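**Q** sequence first, then the predicted structure, then my questions.
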Amino acid sequence: MMHTTTMWRIVTICALLLSNALAFSPGPRHFVHKTTHLRPEGVENSRLYNTISGRGTNTALRSAAESVLAPITTSNLAVSIDKPLLTPIEYGYRSTSPTNIWRSFLAVFLSDVFKTAIVAFLIAAGVTLLSKCLTGGAVSGVISKVYNNMSTTLKKFTAAITKSSRAKPVDRPVPMPFEGDGGWGKCTLRSKRKVGTSPFTVFEFALPKPEYNIPLALGQQVDFCCLSSDDDICMGSFYPCEVGNESGGVQRGVLKVVVPDSDSVEKNAAQVGMGNSKFIEVLKDEMRIGDEIAIKPGKSYLQYNGKHVPVTDMVCVASGLGIVPIVDQVKSISPKGSSSVKTTSVVWINENRNDFDLAMDELEKEYMKYSTKLAVSCIMDDLKKPLDKNREVEEAVPYFNAGTMAVVSGPKRFAETAKAYLNRKGYPDNCICVLP
């Protein structure tokens with residue numbers, strides 16, 4: 001059996017060999033930190049270069065960049081318009097100098113001297129460990145101890161793998177099935193409440209299961225059907241509303257709609273049409289909490305027939321309840337990467353100050369999140385007055401540019417006035433979508 005002193009001599013020799021091997025490694029280098037705008041190779045004064053750099057071609061700058069990165073192929077560069085192609089540290093590490101520090105370390109690691117030192121160190125450490133373990137015990141005891149340690153480690157590893165594989169499933173909403181005759185489903189009236197001081201009421205309906213939601217496209221309504229006390233069939237179509245949704249996500253098991261709260265059928269008809277007005281009358285006066293009502297996905301009205309694609313700008317002009325589908329659109333197209341739309345302008349015009357209670361808070365929240373791409377103008381004015389006579393409307397509604405889509409939403413008379421106004425500002429009919 002080898003003496004312990006001999007073992008330490010071997011370890012010392014290994015350490016000396018390792019230090020000699022590392023002695024050939026060069027010292028640290030100091031890199032000059034600087035930022036340089038670069039363009040892809042082979043592109044002289046193209047639009048791509050101007051977009052990335054933000055300015056025209058600079059001959060001296062281009063020559064310096066090409067001299068630094070000459071041996072790097074552009075196919076390996078991840079280009080981003082909001083940061084340089086390479087960071088300053090990467091410039092230094094990709095230098096063509098033969099004394100590159102990483103290459104030096106790699107040469108040391110692959111050298112025969114370093115390999116020999118590592119092998120000698122492992123052999124010496126293994127022999128020393130075995131000599132201590134076998135001095136006062138049997139070989140079988142050592143093997144049993146090693147086996148038990150390995151078994152315990154394996155069990156812990158298996159338990160960790162099993163635990164990670166049993167992660168909680170993603171809690172996602174389930175699309176509500178509509179399997180009744182004519183594609184109808186049913187829901188239950190759960191509550192109704194006024195919206196602030198506005199002349200509007202929110203009706204909340206419970207879906208058959210709490211995990212259900214109704215998947216709708218932008219600008220798509222929900223159709224309702226019920227029987228009146230005289231057994232007359234009453235139908236209405238409304239845009240779903242997310243007023244008061246604090247979670248910010250898709251509400252499951254619940255459907256909300258907003259209706260005008262006037263006692264006059266004629267006034268309600270001016271807002272939502274005569275057919276919807278009769279349905280609202282039954283809903284307000286005859287439906288009780290817990291009553292069932294038939295529902296199904298309705299028609300989608302948001303369409304763009306313009307020639308300029310993709311749509312890069314949205315202009316939304318709304319009044320009264322017409323703001324409900326507009327808020328839904330703003331929430332959908334504003335997040336980064338969700339659509340091709342870069343800027344959205346919302347112009348909401350009402351005659352009464354209280355009308356703004358319907359969605360003012362929602363619009364303010366969206367503006368605070370996307371202030372760089374969302375503009376909101378809430379204007380109180382007489383709707384009978386021409387829109388081009390209002391200076392605030394003139395400033396809020398931009399003239400037409402290629403790639404712009406306009407959406408008009410509100411009472412029928414307002415929609416006709418707003419559409420004619422947009423035509424005068426250069427918007428063609430195929431770039432204007434009118435939501436009923």
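**A** Everything's here; your move. Numbering: from 1, shown residues only.

**Q** for the chain, just list every one of the helices.
**A** 4-22, 47-53, 59-68, 88-93, 101-109, 112-133, 139-165, 265-272, 274-285, 323-333, 360-369, 391-396, 412-424 (DSSP state H).

**Q** rank those helices by pLDDT, which is bottom?
**A** The stretch with the lowest mean pLDDT among these is helix 47-53, at a mean of 32.

**Q** how many neighbours does residue 227 have?
**A** Each residue near residue 227 was counted by other Cβ atoms under 10 Å, and the total is 13. Backbone N, C-alpha and C define where each C-beta goes, glycine included.

**Q** which residues touch the residue lying closest to it once chain neighbours are set aside?
**A** Distance criterion Cβ to Cβ, 6 or more residues apart in numbering; nearest residue to residue 227, sequence neighbours excluded, is residue 233 at 6.4 Å. Neighbour list for residue 233: 225-227 [criterion: Cβ atoms under 8 Å, 6 or more residues apart in numbering].

**Q** with residue 197 instead?
**A** Here residue 197 is in contact with 354, 357 (Cβ under 8 Å, 6+ apart).

**Q** and it, how far from residue 357?
**A** Residue 197 sits 5 Å away from residue 357, going by Cβ to Cβ, to the nearest Å.

**Q** same question for residue 262.
**A** Separation of residue 262 from residue 357 (Cβ to Cβ): 16 Å.

**Q** residue 200 now?
**A** 8 Å.

**Q** please enumerate the strands of the stretch 301-436 of the chain.
**A** Under the criterion DSSP state E, counting those that start in this stretch, strands of the stretch 301-436 of the chain are mapped to 313-318, 343-350, 374-380, 404-409, 432-435.

**Q** for residue 407, give the beta-bridge partners.
**A** Under DSSP bridges, the beta-bridge partners of residue 407 are residue 316, residue 433.

**Q** what about it, neighbour count?
**A** By other Cβ under 10 Å, the residues close to residue 407 number 26.

**Q** contacting residues for the closest residue to residue 193 other than its chain neighbours?
**A** Once flanking residues are discounted, residue 193 sits nearest to residue 202: 5.6 Å by Cβ to Cβ, 6+ apart. Neighbouring residues of residue 202 by Cβ under 8 Å, 6+ apart: 192-195, 241, 243-244, 256-258.

**Q** where is pLDDT lowest across the residues you listed?
**A** Out of the contacts of residue 202, that is residue 244, at 49.

**Q** thinking again about what came up before, any chance of the strands of the stretch 301-436 of the chain in CSV, plus distance to residue 296 and mean pLDDT?
**A** Below are those laid out as CSV (distance: least, Cβ to Cβ, whole Å; pLDDT from 0 to 100):
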stretch, distance to residue 296, mean pLDDT
strand 313-318, 26, 97
strand 343-350, 30, 97
strand 374-380, 33, 96
strand 404-409, 22, 98
strand 432-435, 19, 97
